[in-house]
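> predicted model and sequence follow; I will ask about them next.
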Amino acid sequence: MGENRPILQMSGIHKRFPGVIALNNVDFRMYPGEVHALMGENGAGKSTLIKVLTGVYAIDGGTVDLDGAPITVGSPLEAQEHGISTVYQEVNLCPNLTVAENIFIGREPRRFGKIQWKELNRRAERLLAERLNLNIDVTRTLDSYSVAIQQLVAIARALNVSAKVLILDEPTSSLDQGEVQELFAVMRKLKEQGLGILFVTHFLDQVYEITDRITVLRNGELVGEFMTKELPRMDLVLHMIGKDLELLADLPASDFGQAGEASGETFLKVTGLGRQGSIEPFDFMIQRGEVVGFAGLLGSGRTEAARLLFGADRADQGQWQAAGGGKVDSPRQAIRRGIAFCSENRKTEGIIEDLTIRENIILAMQAHRGWFKSIPRKRQEAIADEYIETLNINPPNPEQLIKNLSGGNQQKVLLARWLLMEPNLLILDEPTRGIDVGAKAEIQKLVLALAKKGMAVLFISSEMEEVLRVSDRIVVLRDRQIVRQMTGEDIHHHNVMQAIAGEN
Amino acid sequence: MMMRISKHHLFWPLTVLAGLFVFNLLYDPGFFAIRVQGGHLYGSLIDILNYGSPLILVAIGMTLVIATAGIDLSVGSIVAIAGAIACLLISRGEDQHSLALFAVAVAASIGIALVLGLWNGLLVSGIGIQPIVATLILMVTGRGIAQLVTGGQIITVSSDPYSFLGAGWFLMLPFSIFIVGFVFVIAVLMTRKTALGMFIESVGGNPTASRLAGIRSKSVLLAVYAFCAICAGIAGLLLSSNVSSADGNNAGLWYELDAILAVVIGGTSLAGGRFFLAGTVVGALIIQTLTTTIYTIGVPPEITLVVKAIVVFAVCLIQSESFRSTIVHRWKTRRYPAEREVTRGV
């Protein structure tokens, strides 16, 4: 810490996309031996800045200096050669290869063209042990290890000898608390080795735990650079969202008001619903105006249960009692019954990249009406404008292709798609994953407002505070089973944790 | 403004087409000339439209299939089958000139084409076979069926109403042009005035998300393959009517490849998603113009395919944005070495 010369200095960076200025005169610097957090809302320009730095995008203006010398980064490969290594949010490794193979793929030690397997394994072991403090069997396949270990392997792969800057893009989003600590231990060790680490995350706690310095971006512009110790949380969030305090996600639950009261009118009830190899048979019911939260770890069966309720997967057993009829076999049928499902996989199961914001919004409504009853263009535009306005979708241009939007805005478009259907039951699977504090609070408020109007909402999230805040009733899942339900006074952080962990 | 024009999806296809026209004009100053003879318009441009009609038809259908991230290899075979059935029915008739017989023959051909299209669609959507494999089945067996229908012979007919389809004139123009225009308008209306176009793009762009949004992707696929087959069937009628005969062996041979090429040149991606019907028409015209050009400038027949291949290759390169920017980049750096740093940064 306190080195006088930055290892990385980006000055006056400009980046334009069709119709959007993604980065406007942004400065960014990083010192060796520090962990530097890059913070900002969706669309603030974080991803763009990283992609510029790693050579995925070319810059339209500005300079990048590494170690005091100007560099140009034309491709991710060049970035690596300069010593800028990146680990992306999703682990980009081959689960069917061994750990050692994953680390050295493409640069295996060879002799006469033949790969030196023993040497390869030895080097992998040494690299993991020395740099990451990780002692594991490198000859086992990657998928035999947890996501956290996989993440560390990805880091090991990114670290070549000359690495000066390591970029970690939301590495913790799929890790549990213990795993996060493991990762932090590694980050501290790398920091000691003089590496500059750029850390992108949405978890404020983690920022304050691990980082030394924070750079905040907003709307593609630099808000400022701060020492973490000297920046109170409130100020950080204010810098990020540049909005009223009322939207803060860190506000106590009481400020959100209690969710709408359950009407006592059952909308959906299932008994013994299950699917082999996916989720054990469970009973579940939800009333109009009720918000039910699904809590549980990743892989606990939260999503699987929700998919059965929507008919995205077909249940192989169980009884249905829905307001509009019996069994739900397909998404189409679910939609006809007034059930809507916002999948956790925005990209693969939500948006249609090639279509515009407008088309993505009206898609479900149009599918419901059929081919021939086309929604008139004027009406489509009115709908799009209305939701862009209410959900604050950015850019506010209905004809923009959705693939050009940031994750949070894509999420809002998907919400708009389902809100337009005015469903009786809205299933939201991780609606706030990977989106920023401001948008999170907006979505949580929206959920409560919808429940007040009589909509039943099933809310799934990995963030326990969020589930606690919005839910009238919490259903805890563990190991593909519903293990506990709690209401009213019973809903408490401690109780939920116990149920998830499986203690009594 | 220039930027906006060059960004339009029709810009490069039209530029290529114009380039081909200019080349022809240099070679033959009378290329654009259109003369009136016996109440009919004659000229190279008319010929291109006329002879290109079957390809345009097939390519229009192919566009929708490709937009769903599929492909239909069987269109050439369907062309042959449709022509064979129409000619067989007419040749068996007592009075080949009878309008009723003509109507029955046309309806039967298109009906069979529809059935074949539904077959393709079922294999793809119902059973879930990959489109390239599913349609390969009919591509191969279809030739056999066509030969079965014609009995291995070339069936010749002499029917006035039938030959009017592909060789007749209407309002001074070849009648086939009107058929193409009609089908094109139907396709545009069907996809852009109803929600079908959006569903096609949605299913092609992201089938999983489409299913979760409640789109009946199976029926979309079924409709698209059926429409493509009908287009191929009509093209088969035009081709066989133009020569008043049906040749199960050679009619529509390799049409699927030209049609796919036309779609791609027109700007629709083989990966599915956004599609451009007008682009496809221009793409088909480019291919037809190229074929005509090769004949008129007298390229020796043994190397015509090579010449065609080279031109097509060049067209594909010109259309590729990354290729163009590489060229521009090289050109700039070679001419102004001092600017190297600047352009690399941009």
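Nice, thanks for sending it over.
> the one residue in chain B that gets nearest to chain A: neighbour count?
Going by Cβ to the nearest Cβ, chain A is nearest to B:Gly273 of chain B, at 3.7 Å. Every residue, glycine included, has its C-beta placed from N, CA and C. B:Gly273 has 22 neighbours, counted by other Cβ atoms under 10 Å in any protein chain shown.
> how about it, secondary structure?
Assigned by DSSP: H, G, I helix; E, B strand; the rest coil, the conformation of B:Gly273 is coil.
> likewise A:Ser374?
coil.
> what sits against it?
The contact partners of A:Ser374, by Cβ atoms under 8 Å, 6 or more residues apart in numbering or on different chains, come to A:Gln366, B:Lys193, B:Thr194, B:Ala195.
> let me see the confidence value for the residue sitting furthest away from the middle of chain A.
Most distant from the centre of chain A: A:Phe112, at 44.9 Å, with distances by Cα atoms, centre = their mean. A:Phe112 is assigned a pLDDT of 81 by the prediction.
> quick one: name the residues of the stretch 401-504 of chain A near chain B.
Applying Cβ under 8 Å from any Cβ of the partner chain, we find that the stretch 401-504 of chain A lies next to chain B at A:Arg417.
> what sits against the closest residue to chain B within the stretch 401-504 of chain A?
Using Cβ to the nearest Cβ, A:Arg417 is the residue of the stretch 401-504 of chain A that sits closest to chain B, at 7.0 Å. Residues near A:Arg417 by Cβ under 8 Å, 6+ apart: A:Asn360, A:Ile361, A:Ile362, A:Leu363, A:Ala364, A:Met365, B:Ala213.
> ok, it to A:Phe459 distance?
17 Å (Cβ to Cβ, to the nearest Å).
> one step back: and the spatially closest residue to the residue of chain B closest to chain A that is not a sequence neighbour, which of the three is it?
Distances taken as Cβ to Cβ, 6 or more residues apart in numbering or on different chains put A:Asp354 closest to B:Gly273, at 3.7 Å, once the chain neighbours are dropped. Taken by three-state DSSP, the conformation at A:Asp354 corresponds to coil.
> for A:Gly194, same thing?
Strictly by three-state DSSP, A:Gly194 counts as coil.
> what distance do you get for it to chain B?
From A:Gly194 across to chain B, the span is 28 Å (Cβ to the nearest Cβ, to the nearest Å).
> buried among the contacts of A:Ser374? Need that as a selection in ChimeraX.
Buried subset of those, written as a ChimeraX selection, criterion 16 or more other Cβ atoms under 10 Å in any protein chain shown:
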select /A:366 /B:194,195
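> ok, so of the contacts of A:Ser374, who is nearest A:Gln9?
Checking the contacts of A:Ser374 against A:Gln9 by Cβ to Cβ gives A:Gln366 as the nearest, at 50.2 Å.
> chain neighbours aside, what residue packs nearest to that closest one?
In space, and not counting its chain neighbours, A:Gln366 is closest to B:Ala195: 4.7 Å by Cβ to Cβ, 6+ apart.
> go on, B:Leu317?
In space, B:Leu317 is closest to B:Phe323, 5.0 Å off (Cβ to Cβ, 6+ apart).
> for the one you found, grab the count of nearby residues.
Neighbours of B:Phe323 (other Cβ under 10 Å): 12.
> residue 21: what's it in contact with?
I'll assume chain A. A:Ile21 neighbours (Cβ under 8 Å, 6+ apart): A:His14, A:Lys15, A:Gly220.
> if you could check chain B rather than the one you did, that'd help
Contacts for B:Phe21 (Cβ under 8 Å, 6+ apart) come out as B:Phe31, B:Phe32, B:Thr289.
> swap in 10 Å and give it another go.
B:Phe21 is in contact with B:Phe31, B:Phe32, B:Ser44, B:Leu45, B:Ile48, B:Leu285, B:Thr289, B:Thr293, counting by Cβ atoms under 10 Å, 6 or more residues apart in numbering or on different chains.
> do the same with A:Pro232
A:Tyr208, A:Phe226, A:Leu238.
> looking at those, which are in helices?
Those of these mapping onto helices are A:Tyr208, A:Leu238, per DSSP state H.
> do you know the pLDDT at the residue nearest to A:Gln366?
91.
> swap in B:Ala213?
92.
> pretty sure it is touching A:Ala334, no?
No - contact criterion Cβ atoms under 10 Å: B:Ala213 and A:Ala334 do not qualify, at 11.3 Å.
> okay, now the unreliable bits of the stretch 151-300 of chain A?
A:160-161, A:173-174, A:176-177, A:234, A:241-263, A:297-299 (pLDDT under 70).
> interface residues of the stretch 51-200 of chain A facing chain B?
Contact residues, the stretch 51-200 of chain A versus chain B (Cβ under 10 Å from any Cβ of the partner chain): A:Ala58, A:Ile59, A:Asp60, A:Gly61, A:Gly62, A:Thr63, A:Val64, A:Pro70, A:Thr72, A:Val73, A:Gly74.
> give me the distance between the first one and B:Ala309.
If I follow you right, that is A:Ala58. To B:Ala309, A:Ala58 is 34 Å away according to Cβ to Cβ.
> likewise for the fifth one?
If you measure A:Gly62 against B:Ala309 using Cβ to Cβ, the figure is 45 Å.
> ok, these two, which is more surrounded?
A:Gly62 (18 against 11).
> which helix or strand lies directly C-terminal to whichever strand or helix holds A:Gly62?
For A:Gly62, the host element (DSSP states H and E) is strand A:61-66. Going down the chain from strand A:61-66, the next helix or strand is strand A:69-71, by DSSP H and E.
> could you find the closest non-adjacent residue to A:Gly326?
A:Gly326's closest residue in space is A:Trp320 (Cβ to Cβ, 6+ apart), at 5.0 Å.
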